[in-house]
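Asks: here is my input; please provide its structure:
(4 chains)
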Protein chains: 2
Amino acid sequence: MTQATGPSRSHPVTLSDVARLAGVSIATASKALNGRSQVRAETRQRVIEAAERLSFRPNQLARGLLAGRTGTVGLLTSDLEGRFSIPILMGAEDAFGAGEVAVFLCDARGDAIREQHHVRALLGRRVDGLIVVGSRTDPRPSLGRELPVPVVYAYAPSEDPEDLSIVPDSVGAGRIAVGHLLACGRTRIAHITGDPGYLAAQERAEGAQAALADAGLALVGEVRFGAWSEGWGRAATAMLLDRHPDVDAVLCGSDQIARGVMDVLRERGHRVPEDVAVMGFDNWQVLTSASRPPLTSVDLNLEQVGRAAARALFSAIAGGRRSGVETLPCRLVIRGSTAPLS
Amino acid sequence: MTQATGPSRSHPVTLSDVARLAGVSIATASKALNGRSQVRAETRQRVIEAAERLSFRPNQLARGLLAGRTGTVGLLTSDLEGRFSIPILMGAEDAFGAGEVAVFLCDARGDAIREQHHVRALLGRRVDGLIVVGSRTDPRPSLGRELPVPVVYAYAPSEDPEDLSIVPDSVGAGRIAVGHLLACGRTRIAHITGDPGYLAAQERAEGAQAALADAGLALVGEVRFGAWSEGWGRAATAMLLDRHPDVDAVLCGSDQIARGVMDVLRERGHRVPEDVAVMGFDNWQVLTSASRPPLTSVDLNLEQVGRAAARALFSAIAGGRRSGVETLPCRLVIRGSTAPLS
DNA sequence: AAACGAACCGAAAAGGCTTTCCGAGAAAGT
DNA sequence: ACTTTCTCGGAAAGCCTTTTCGGTTCGTTT
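Replies: Residues are numbered from 1 along each chain as shown, chains lettered A, B, ... in the order given. Have a look, this model is predicted:
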């Protein structure tokens, strides 16, 4: 089993190994490596060389044990496969990784029991803080106020207003979308969106209608709720065209829906964007860039949500106290599926 | 800043707190909680109750410091946004999370410098092992043999045959695909695939051609390399139909390509699957289930790759030594885009 | 020459836990 | 009653690093 060769077997090199090689005490070695001032330059150099020769890496466990802070955080996601969690996770990992913080990744698979289990495990590892990433924007139960470390909720806000949550501005996203369509001169705008049980669907619709109202307009027909799928986009478009053939823009609740909408529009002989402008939400590259024409979409800036959550957690660890739901603006990405009416 | 209330301020509860509350020594408390036999049942019970009352969580740092093993592993991915990394990562997280192992997530963003930085940081945290997840199946540079902990490469194998790598069987995937098309009675099969610079494209094509040769057949035309995009799928299909209008199956190098292929087939009046069967690779849900008809695809079983890598790392940590590239079979997922010729 | 200060260096403790070893007390045997 | 054998519980070492504080060695000053 265990080979006699290779460094795998040798016990990890410690500070005392370095000290011995450099001919100084452990204390001096530590000071030399950490830039403390009480070491002669020549001695310091000797220690540094010894450390490099042994490729010494200070044991963060011991360091953390002593300091009371470990430089680790827990990233608790509810579904890794969800395409919303990933960018947030990237943003957070990015913000932390740049510093000296390491991230524990835990996937609760949407199960509260498993989530609780992970929280306990993470606390046992003495993480300095937690980020809880949701898979949809609907509020979720708080982990509780009794935790010994700060917690920041990302994407899915906590139900407890005392917690700090960072979410994209869905209402604003709806406003941005309609604003763009209006700027393109569209006035007969329909809205086909997904599952009405999703707060995101409701809020985007709310923002869209508010922006229309500001312009003295209203949607063509009602908001068409359904499912977050291409199939629903196709079906809803068929109905829409039957009832309102004069529609000149379709705002879609997601890029998937938009794909379905565009397919049916093209099949029925409506040109995009000349006759009907189409746009979606999420800015999911694989869908937006592959469609014909490429799809204008509202990007939720999820990476920024992740980064903001990481920064918020940072400052909370440092003692800062914020609470409530903070929203981050979304961003319009214009492609070929929307254009001014000529 | 620091409030006087709440548990955030109070110092974390330690074993000695528990011992004091239970009226025993630290040693006894430890033994009681860890199921050591040298404690009377009644005493043990008292300790356990004390621990629960204080919601005591043993400090894993201290434990790891002592044991020499931390129960943590590093998961080094080269691009988090890549859709291939995520399932592998899920599988690994799953396999570890079930045990008592926590996962450090690091994204090197395809940068060797950053990767090296992360490796050093992880070693400083005394991880018990590393999993390196690539974003494509082409071999990548080894992290080296001199690392003090075992390493397993997933999806992208290491260039060093002494390392252990777990990858999906791309050649086999190609064989499986063609096998299915042959079983459907198709004999005039074309292959439209992606970037020829990807080993996956080459190997799938190789497997497909081998399976055809076994049946005494050959591809319709050459392998059509291009890009991993719907656009290429559309363009290649147009050319294909011009030259070989009698084709009865198109094997696509990815689901994206397949989407493009199916769009053009439908536009040109070819029925899928009656006239032409279509299938892809990757089994990317959002594409396969939304297409018309739903797309038959070869699933790479990436979650299993992740799980296998985790298990391999486990056994390597325990002292087992394996090396070389181990392949995992892929899996056919049949949907509406393929059917027997009637 | 004695004393003082500055500059360096080292011993030791702390941090939380596990484990080994030992002592004390109780139960059993003579 | 005394020894032997168990059973329990405690003291202490050890893991690795940082930091405080006391000590040593110079060079300077009076």
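Asks: for A:T77, what are phi and psi?
Replies: Dihedral angles of A:T77 (phi, psi; degrees, to the nearest 10) stand at phi -110, psi 150.
Asks: any idea how far the spatially most central residue of chain A lies from B:R321?
Replies: Among the residues of chain A, the one closest to the centroid is A:I88, at 1.5 Å (CA atoms, centre = their mean). Relative to B:R321, A:I88 is positioned 39 Å away (CB to CB, to the nearest Å). C-betas here are computed from N, CA, C, even on glycine.
Asks: A:T187 too?
Replies: 71 Å.
Asks: run through who's touching stretch A:161-172.
Replies: With CB atoms under 8 Å, 6 or more residues apart in numbering or on different chains as the test, stretch A:161-172 has contacts from A:137, A:142, A:145, A:151-158, A:199-200, A:203-204, A:206-207, A:210, A:300-302, A:305, A:308-309, A:312, A:316, A:322-330.
Asks: among these, name the ones in helices.
Replies: Cross-referencing those against helices under DSSP state H gives A:199-200, A:203-204, A:206-207, A:210, A:302, A:305, A:308-309, A:312, A:316.
Asks: just the buried residues of stretch A:303-317, please?
Replies: Neighbour-count burial for stretch A:303-317, with 16 or more other CB atoms under 10 Å in any protein chain shown as criterion, is recorded at A:303-314, A:316-317.
Asks: which residues sit against that stretch?
Replies: Stretch A:303-317 is contacted from outside by A:69, A:73, A:87-96, A:99, A:128-131, A:133, A:149-155, A:164, A:166-168, A:322, A:326, A:328, using CB under 8 Å, 6+ apart.
Asks: which stretches of the stretch 101-250 of chain A form helices?
Replies: Ranges of helices in the stretch 101-250 of chain A, per DSSP state H, counting those that start in this stretch, are A:112-124, A:170-183, A:199-214, A:230-243.
Asks: tell me the contacts of A:A121?
Replies: A:106, B:100, B:102.
Asks: wait, A:S158 touches A:G144, no?
Replies: No: assessed by CB atoms under 8 Å, A:S158 is found out of contact with A:G144, at 9.8 Å.
Asks: quick one, which of these two is more surrounded?
Replies: Comparing A:S158 with A:G144 by neighbour count (other CB atoms under 10 Å in any protein chain shown), the higher total belongs to A:S158, at 23 against 12.
Asks: could you check the distance from that one over to DNA strand D?
Replies: 35 Å (CB to the nearest atom of the strand, to the nearest Å).
Asks: excluding sequence neighbours, find me the nearest residue to that residue.
Replies: A:S142 (4.4 Å; CB to CB, 6 or more residues apart in numbering or on different chains).
Asks: how many neighbours does that neighbour have?
Replies: As a burial measure, A:S142 scores 18 neighbours (other CB under 10 Å).
Asks: give the contact list for it.
Replies: So A:S142 contacts A:158-160, A:162-163 (CB under 8 Å, 6+ apart).
Asks: per-residue pLDDT, A:G6?
Replies: Confidence at A:G6, expressed as pLDDT, is 39.
Asks: kindly report the same for the one 4 residues further on.
Replies: The confidence metric pLDDT takes the value 63 at A:S10.
Asks: ok, the nearest residue to A:D169 once chain neighbours are set aside - how many residues close by?
Replies: Ranked by CB to CB, 6+ apart and with sequence neighbours excluded, the top spatial neighbour of A:D169 is A:T327, at 4.0 Å. Number of residues near A:T327 (other CB under 10 Å) recorded here: 16.
Asks: among the contacts of A:A121, which ones lie close to DNA strand C?
Replies: For DNA strand C, no contacts are drawn from the contacts of A:A121 by CB under 7 Å from any atom of the strand.
Asks: the strand or helix carrying A:V261 packs against which elements?
Replies: Under the criterion of DSSP states H and E, A:V261 resides in helix A:255-267. Identification of packing neighbours for helix A:255-267 by 3 or more CB pairs under 8 Å, 6 or more residues apart in numbering or on different chains; DSSP states H and E yields helix A:230-243, strand A:249-252, strand A:277-281, helix A:285-288.
Asks: got those as TSV, with distance to DNA strand C columns?
Replies: TSV is the format used below for the helices and strands packed on helix A:255-267 (distance: least, CB to the nearest atom of the strand, whole Å):
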stretch	distance to DNA strand C
helix A:230-243	53
strand A:249-252	53
strand A:277-281	47
helix A:285-288	47
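Asks: which one of the ones you listed has the lowest average pLDDT?
Replies: helix A:285-288 (a mean of 93).
Asks: show me which residues of that helix are buried.
Replies: Applying 16+ other CB under 10 Å to helix A:285-288 flags A:286-288 as buried.
Asks: likewise stretch A:176-195?
Replies: Under 16+ other CB under 10 Å, the buried positions of stretch A:176-195 are A:176-182, A:184, A:186, A:188-195.
Asks: now do the strands in the stretch 51-200 of chain A.
Replies: Counting by DSSP state E, counting those that start in this stretch, the stretch 51-200 of chain A has strands at residues A:72-77, A:102-107, A:129-133, A:151-154, A:164-168, A:189-192.
Asks: dump those to a markdown table, plus distance to DNA strand D and mean pLDDT.
Replies: Formatted as a markdown table, these follow (distance: least, CB to the nearest atom of the strand, whole Å; pLDDT from 0 to 100):
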| stretch | distance to DNA strand D | mean pLDDT |
| --- | --- | --- |
| strand A:72-77 | 16 | 95 |
| strand A:102-107 | 16 | 94 |
| strand A:129-133 | 21 | 96 |
| strand A:151-154 | 27 | 97 |
| strand A:164-168 | 29 | 98 |
| strand A:189-192 | 58 | 98 |
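Asks: looking at these, spot the one closest to A:L33.
Replies: strand A:102-107 (20.0 Å; CB to CB).
Asks: the closest one packs against which elements?
Replies: strand A:72-77, helix A:85-98, helix A:112-124, helix B:85-98, strand B:102-107.
Asks: three-state assignment of A:L332?
Replies: Secondary structure for A:L332, judged by DSSP: H, G, I helix; E, B strand; the rest coil, is strand.
Asks: bridge partners for it, pull those for me.
Replies: A:V298 (DSSP bridges).
Asks: check the spacing between it and A:V298 real quick.
Replies: 6 Å.
Asks: more neighbours: the two, which one.
Replies: A:V298 (26 against 17).
Asks: between the lowest-mean-pLDDT helix or strand in chain A and strand A:164-168, how many degrees?
Replies: Least confident helix or strand, chain A: helix A:85-98 with a mean of 88, by mean pLDDT, DSSP states H and E. Orientation check (axes from the mean of the first three to the mean of the last three CA atoms, to 10 degrees): helix A:85-98 against strand A:164-168 gives 120 degrees.
Asks: list the buried residues of helix A:85-98.
Replies: By neighbour count with 16+ other CB under 10 Å, helix A:85-98 contains the buried residues A:85-97.
Asks: what about it, distance to the chain center?
Replies: Relative to its chain's centre, helix A:85-98 lies at 7 Å (CA atoms, centre = their mean, to the nearest Å).
Asks: ok, and does that helix reach over to chain B?
Replies: Yes: interface with chain B: helix A:85-98 contributes A:86-87, A:89-90, A:93-94, A:97 (CB under 8 Å from any CB of the partner chain).
Asks: ok, so of the residues you listed, who is nearest B:S342?
Replies: Looking across the residues of helix A:85-98 next to chain B and measuring by CB to CB, the closest to B:S342 is A:I86, at 42.7 Å.
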